[in-house]
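Engineer: Can you look at this prediction? I've put the sequence above it.
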Amino acid sequence: MSFFNTLKEKGGSKNYWPLMIAITALASFTLGNWTAISSCPKLPPADADLSLFWETWHTLEENFVDKSQIDHKKMIYGAISGMVSSLDDPYTAFFDPADAKKFLEDTSGSFEGVGMEIGIKENQLRAVTPLENTPAQLAGIRPGDAIVQIDGKSTAGITTDEAVNLIRGPKGTEVVLTIFREDWKETKDFAIIRDVIKVPSLKWEIKDGDVAYIQLYQFTEKAGGDFKAAAVDIINSPAKSIVLDLRNNPGGYLSVAQDIAGWFLKKGQIVTRENMGGENPEIEHKSNGPSLLEKYPTTVIINEGSASASEILAGALRDNRQIQLIGEQSFGKGSVQQLIPLKSDASLKVTIAKWLTPNGDQINEKGLSPDVEVKTAAEDEEKESDPQLDRAIEIVKNLR
């Protein structure tokens, strides 16, 4: 989605492309560099016989009954989309000029939709997490919910970007999501009215007199500066320990996750490893400091809505400082997408790498297991209780 997953830096300068794909539904993905393609065309591989393609093209032109329906540009876009979808990677997608324009318009940090990050897990479209105070959250959508239908259309075999286009829409319009949840016997329909979505970054407060509780909602471009301000306030507060809450955080910029990790880690410690596949060497992304929160005992809360950059940060703190993860298994979104501009204002979002924790653990499709598992139930919400937070505070106070 999606949305907020991780953006790499290029050439020493922050070349940010927001990951909020959108929507209404943010498709969960980790984004890499915006990279110009070579203007020098490459010859197709020797085993790529395009004669069948052109034979089909000309046969359609000669035999299709309604010649007015033939649109050469749409035929080309459709052929490219089919080629990309043949890779069976839900996060690799071709954007025609119209879709590419929508993608870029949705990166402003404010957009119209239902405010939900989505992803594919176990071949099923799922809600990664509803964003804070959005129509999706207020309607009762939960992390891990399977989205079986969108306005009556089955999501079987759908890509995240196709789902985004179906779920998104202007403020005041309705979309009906057919949801299945683990403990349900049958699906339920959720009618959600789209609205303008404004993306928060974080908030923090003192709990139990001396525990700094930080809720980090997104790794947006703004979150880096917001976290710095919060860290300075925490240092000047009575806080003796920290609880970092990454629940329902779908990710964001890699550079922001790296910056935030630097407050908790020594300079030079590995934040994440980037595996490009094949014989390519792994790339190590390291902490740049300032390490000013390293002295504070810390616990981290995760759940099924913690994805991408959230998993990178949680894994970095666990592997480097043995910080305990409290809560439930994270989502398992650890692949990197790169957005590449093509001719005629089209673009290609392609998976180029996978993230590993500093110890080399695979994140993608596995997620992070909590050191202390604490589950929540519907009655906890009704009672406005939070057993995961309570346990995280209890553990961190005992670490002092």
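Structural biologist: Yep, that arrived. Numbering: from 1, shown residues only.
Engineer: all helices for this structure, in order.
Structural biologist: Under the criterion DSSP state H, the chain contains helices at 51-63, 72-85, 97-105, 135-139, 160-167, 221-235, 254-264, 309-321, 378-382, 387-398.
Engineer: Tabulate those helices (a markdown table), appending mean neighbour count.
Structural biologist: Quick note: C-beta positions are derived from backbone N, CA and C, even for glycine. Shown next, in a markdown table, are these (neighbours: other CB atoms under 10 Å):
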| stretch | mean neighbour count |
| --- | --- |
| helix 51-63 | 10 |
| helix 72-85 | 14 |
| helix 97-105 | 16 |
| helix 135-139 | 20 |
| helix 160-167 | 23 |
| helix 221-235 | 17 |
| helix 254-264 | 25 |
| helix 309-321 | 26 |
| helix 378-382 | 10 |
| helix 387-398 | 19 |
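Engineer: Could you tell me the least trusted of these?
Structural biologist: Mean pLDDT per stretch puts helix 378-382 lowest among these, at a mean of 66.
Engineer: any weak-confidence spans in the stretch 201-350 of the chain?
Structural biologist: Along the stretch 201-350 of the chain, the model assigns pLDDT under 70 to no residue.
Engineer: What are the boundaries of the strands in it?
Structural biologist: Ranges of strands in the stretch 201-350 of the chain, per DSSP state E, counting those that start in this stretch, are 202-207, 211-216, 241-245, 270-275, 283-286, 298-302, 325-327, 335-341, 347-356.
Engineer: and Lys171, which of the ones you listed is closest to it?
Structural biologist: Evaluated over these, closeness to Lys171 peaks at strand 202-207, with 24.8 Å, by CB to CB.
Engineer: Show me which residues of the closest one are buried.
Structural biologist: Neighbour counts using 16 or more other CB atoms under 10 Å place Leu202, Trp204 of strand 202-207 among the buried residues.
Engineer: got the contact list for that strand?
Structural biologist: If you take CB atoms under 8 Å, 6 or more residues apart in numbering as the criterion, strand 202-207 is touched by 212-217, 223, 226-227, 230, 233-234, 237-239, 243, 393.
Engineer: and the angle for that strand with strand 241-245?
Structural biologist: Angle, strand 202-207 to strand 241-245, by axes from the mean of the first three to the mean of the last three CA atoms, to 10 degrees: 140 degrees.
Engineer: Tell me which of the strands of the stretch 201-350 of the chain lies nearest to Asp96.
Structural biologist: Here strand 347-356 is closest among those (CB to CB), at 8.9 Å.
Engineer: what's that closest one packed up against?
Structural biologist: Counting contacts by 3 or more CB pairs under 8 Å, 6 or more residues apart in numbering; DSSP states H and E, strand 347-356 packs against strand 30-34, strand 93-95, strand 270-275, strand 335-341.
Engineer: Would you pull up how far stretch 171-178 lies from the middle of the chain?
Structural biologist: The chain centroid and the centroid of stretch 171-178 are separated by 22 Å under CA atoms, centre = their mean, to the nearest Å.
Engineer: Nearest to Thr351, out of the helices of the chain?
Structural biologist: Of all these, helix 72-85 comes closest under CB to CB, at 10.8 Å.
Engineer: Name the surrounding residues that touch that closest one.
Structural biologist: Helix 72-85 is contacted by residues Phe53, Trp57, Leu60, Thr92, Ala93, Phe94, Asp96, Thr159, Ala346, Leu348 when judged by CB under 8 Å, 6+ apart.
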